[in-house]
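> below: sequence and its predicted model.
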Amino acid sequence: MSVKIIATRTCSHCPNLERELCDLGIPYEVVFVEEHPEVIVRYSIRHSPNLVVDDEVVFRGQPSEGELRTFFAARSIT
């Protein structure tokens, strides 16, 4: 499973999302749109952060910890 946070370098929510993924034991990669502008078009990015799982945007904006737990539990990851 590929999990990516797509965000801007100045996104104030990104550190929280990273911490929540770490707490859940979910490995992830951070992709900054400043370094990879092609992801803006590929995923129709308009805001930051976005959570992409297996090439599909599953959350736009900051999901709650409960939303993350529910999402990953349904995929037997947590």
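Yep, that arrived. In this text, all values refer to a predicted model and were calculated from it rather than measured experimentally.

> for the helix or strand containing residue 41, the averaged confidence score.
Using DSSP states H and E, residue 41 sits in helix 38-42. Averaged over helix 38-42, pLDDT sits at 96.

> which secondary structure elements does the next helix or strand after that helix sit against?
Next in sequence after helix 38-42, counting helices and strands by DSSP H and E, comes strand 50-53. With contacts defined as 3 or more CB pairs under 8 Å, 6 or more residues apart in numbering; DSSP states H and E, the packing partners of strand 50-53 are strand 3-7, strand 56-60. No exception for glycine: its C-beta is placed from N, CA and C like everyone else's.

> ok, the most centrally placed residue in the chain to residue 59 distance?
Taking CA atoms, centre = their mean, the centroid of the chain lies closest to residue 51, which sits 2.3 Å from it. According to CB to CB, to the nearest Å, residue 51 stands 4 Å off from residue 59.

> still on that earlier bit, for the helices and strands packed on strand 50-53, give me a markdown table that also has mean pLDDT and distance to residue 31.
A markdown table is the format used below for the helices and strands packed on strand 50-53 (pLDDT from 0 to 100; distance: least, CB to CB, whole Å):
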| stretch | mean pLDDT | distance to residue 31 |
| --- | --- | --- |
| strand 3-7 | 98 | 5 |
| strand 56-60 | 97 | 12 |
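
> and the ones you listed, which is most packed in?
strand 3-7 (a mean of 21; mean count of other CB atoms under 10 Å).

> which residues does the nearest residue to residue 8 once chain neighbours are set aside contact?
In this structure, residue 8 finds its nearest non-sequential neighbour in residue 48, 4.5 Å apart by CB to CB, 6 or more residues apart in numbering. Counting by CB atoms under 8 Å, 6 or more residues apart in numbering, residue 48 makes contact with 6-8, 11, 13-14, 33.

> having no further points to raise, I will conclude here.
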